[in-house]
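Student: The sequence and its predicted three-dimensional model are supplied below.
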Amino acid sequence: MAGSTPKLIKELRAMTGAGMLDCKNALNETEGDLDKAVQALREAGLGKAAKKAGNVAAEGLISVTVDASGSIATMLELNAQTDFVAKNDNFIAITKEIVEHAASNGITDADTLAASSLNGLVFPEYLAGKIATVGENLVARKVSAVEGDVVNAYVHSNGRVGVLLAATCDDAAKDKTAALLKSLAMHASAMKPTVIAYTDLDASFVESENRAIVAEIDADNDELKRLKKPLKNIPQFVSKSQLTDEAVATAKAEMKAELLAQGKPENIIENILKGKISRWIEDNCQLDGRHALLSQAYVMDDKKTVEQAIAAVDASIKITAYIRFELGEGIEKKEEDFAAEVAAQMAK
């Protein structure tokens, strides 16, 4: 006896997100019992999910949530196979459900998420049910969180980049710190710093980048020579971490000797040196501007570094944690031309 009716089909679709025909068949098989129909769809879906689990999931969304106290922020990257599915309301709802689950349970990494339970199901089983619903492989690839006196988060409008920031500050500065962190998160989404401060850069990375940046400038200067334009300064160093007192003193002494050789009066040399040493430091910290958040020119006011912009808001604010996700970063996506893809489908 047929158990499906338009009303039950609509209700089952709302509960599961499954297709109309699948819902109709499930209701007919279970004689209109909604609970049994849901279970039948889930069991059928688990088989489909297993087949889809090997498919590369490099699209998707990044989702964030900040707790009511404003002291913990959580971020999730949930991957799907296609951008089309990632824009689906059902997929968006799944990302929100998972990130809220992670936040509510203090989950801060993908392994802990995979070992958790959601809606009465162990997480892999929960996700398999969602795979059946959306029709593509889904991977909860990354989960992270930050905690501090104040936190904030930002996800770019396309859902492909997300940033978490945490800071300590005086109690009186919490509101303006929260607003500042939102702006800094937007800055970081665009400027891609990898660390908070230059002191966080690995020494071996600084050394290798020193050689690379000098080579870049040498190549630029070759082109500038050809165009008969002013050449760029070749730096000795690329990070403030390399600028020891001895290195700065040596540079200053060389500049002073050069000014004396040019016949500059002693009484103005010190003033000239201030500007020259400031420029020398700037030239010799290029890596910091690329990778260290605090050293970057602030996108909201490029006359200031991020560090200076923070100090201008309140001297008590200190950034303590920074995490940036970029969708699909590090995933190798299989490339096939369209003709080959069609041929592969026809061969099945």
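Tutor: That came in fine, so what should we check first?
Student: where does this structure dip in pLDDT?
Tutor: 1, 15-18, 42-57, 332-348 (pLDDT under 70).
Student: again, only using 90
Tutor: In the prediction, the chain carries residues with pLDDT under 90 at positions 1-27, 29-58, 82-86, 131-137, 233, 266-267, 328-348.
Student: Tell me, domain by domain, which residues of it belong where.
Tutor: Using automatic domain parsing, the domain parsing of the chain gives 6-52, 59-147, 198-317.
Student: for the chain, what's the longest helix?
Tutor: Secondary structure of the chain read by DSSP state H shows that its longest helix is helix 203-226.
Student: can you tell me which of the domains of the chain comes nearest to Asp175?
Tutor: For the domains of the chain, the distance to Asp175 is smallest for domain 59-147, at 9.5 Å, taking C-beta to C-beta. Yep, even glycine has a C-beta here, placed from its N, CA and C like the rest.
Student: and the end-to-end length of that closest one?
Tutor: For domain 59-147, the separation between the terminal residues is 28 Å (C-alpha to C-alpha, to the nearest Å).
Student: how far does it sit from the chain's center?
Tutor: Centre-to-centre, domain 59-147 and its host chain are 15 Å apart (C-alpha atoms, centre = their mean, to the nearest Å).
Student: now stretch 13-27
Tutor: Using C-alpha atoms, centre = their mean, the offset of stretch 13-27 from its chain centre is 36 Å.
Student: distance between the ends of that stretch?
Tutor: Between the opening and closing residues of stretch 13-27 there is a gap of 11 Å (C-alpha to C-alpha).
Student: Then stretch 24-39?
Tutor: Taking C-alpha to C-alpha as the measure, stretch 24-39 stretches 14 Å from start to finish.
Student: Helices of the stretch 151-300 of the chain, start to end?
Tutor: Here the stretch 151-300 of the chain has its helices, by DSSP state H, counting those that start in this stretch, at 174-191, 203-226, 245-261, 266-283, 286-291.
Student: wait, which of those helices is closest to His156?
Tutor: Taking C-beta to C-beta as the criterion, helix 174-191 is the member of these that comes nearest to His156, at 5.3 Å.
Student: if we can go back for a sec, winner for burial among the domains of the chain?
Tutor: For the domains of the chain, average neighbour numbers computed from mean count of other C-beta atoms under 10 Å are highest in domain 59-147, which has a mean of 19.
Student: how close does Lys182 get to Glu147?
Tutor: Distance, Lys182 to Glu147, by C-beta to C-beta, to the nearest Å: 17 Å.
Student: Just put the helices of the stretch 151-300 of the chain in JSON lines and tack on distance to Gly159.
Tutor: Output for those, formatted as JSON lines (distance: least, C-beta to C-beta, whole Å):
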{"stretch": "helix 174-191", "distance to Gly159": "11"}
{"stretch": "helix 203-226", "distance to Gly159": "30"}
{"stretch": "helix 245-261", "distance to Gly159": "45"}
{"stretch": "helix 266-283", "distance to Gly159": "36"}
{"stretch": "helix 286-291", "distance to Gly159": "25"}
